[in-house]
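>>> Give me a model of this one.
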Amino acid sequence: MEANGLLLNFRSGNKGFIFLLDSMIALFITTLILVTAVFFLSRSEESPIEDMQASRFANDIFAVLDYRGILRKFDINEIRNELNNLVPDGYRIEYKIECENRVFDSRAGSGIVEEATFGGERIFIDKDYNNCIVRYWIWTR
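Predicted coordinates:
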């Protein structure tokens, strides 16, 4: 009889331990889900899709300028007019063109590129067959 009493006592003690273990696992899973949700919500504020879109805009814009031969002419006013037509509202773009014998910087020492979200570069050949490179920066206004 006494052995039966100890055995029943031991089994009822296991029920409490199993319940504690079950609740600890549930608490761990809940905490893991909350931490993961907070991590992804904080990353969503960085908006990588918008940044990637801005980078692609800039790359496409200078590809169009190169394809149309506007970069090749190195006519600063024509480049500026085309950029005004091509750059979407809400974005600002600055650029620097470097060729072997001339350089043009649209920033003109303003130092505003520190705000730039993305930048890139494109290599092209000017009308005198010199290798040139255009570096550009784009960001939202």
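>>> what domains does the record give for this protein?
Taking automatic domain parsing as the reference, the chain has its domains at 1-45, 48-140.
>>> most tightly surrounded among the ones you listed?
Mean neighbours per residue, mean count of other Cβ atoms under 10 Å, is largest over the domains of the chain for domain 48-140, with a mean of 15. In this view, the C-beta of every residue, glycine as well, is placed from N, C-alpha and C.
>>> so how far is that one off the chain centroid?
Taking Cα atoms, centre = their mean, to the nearest Å, one finds the center of domain 48-140 at 19 Å from the center of the full chain.
>>> do the same with stretch 131-141
Counting by Cα atoms, centre = their mean, stretch 131-141 comes out at 16 Å from the chain centroid.
>>> contacting residues around it?
Stretch 131-141 is contacted by residues 50, 54-55, 57-58, 61-62, 71, 74, 90-100, 113, 115-126 when judged by Cβ atoms under 8 Å, 6 or more residues apart in numbering.
>>> I'd like the domains of the chain as JSON lines, with mean pLDDT appended.
Formatted as JSON lines, these follow (pLDDT from 0 to 100):
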{"stretch": "domain 1-45", "mean pLDDT": "76"}
{"stretch": "domain 48-140", "mean pLDDT": "82"}
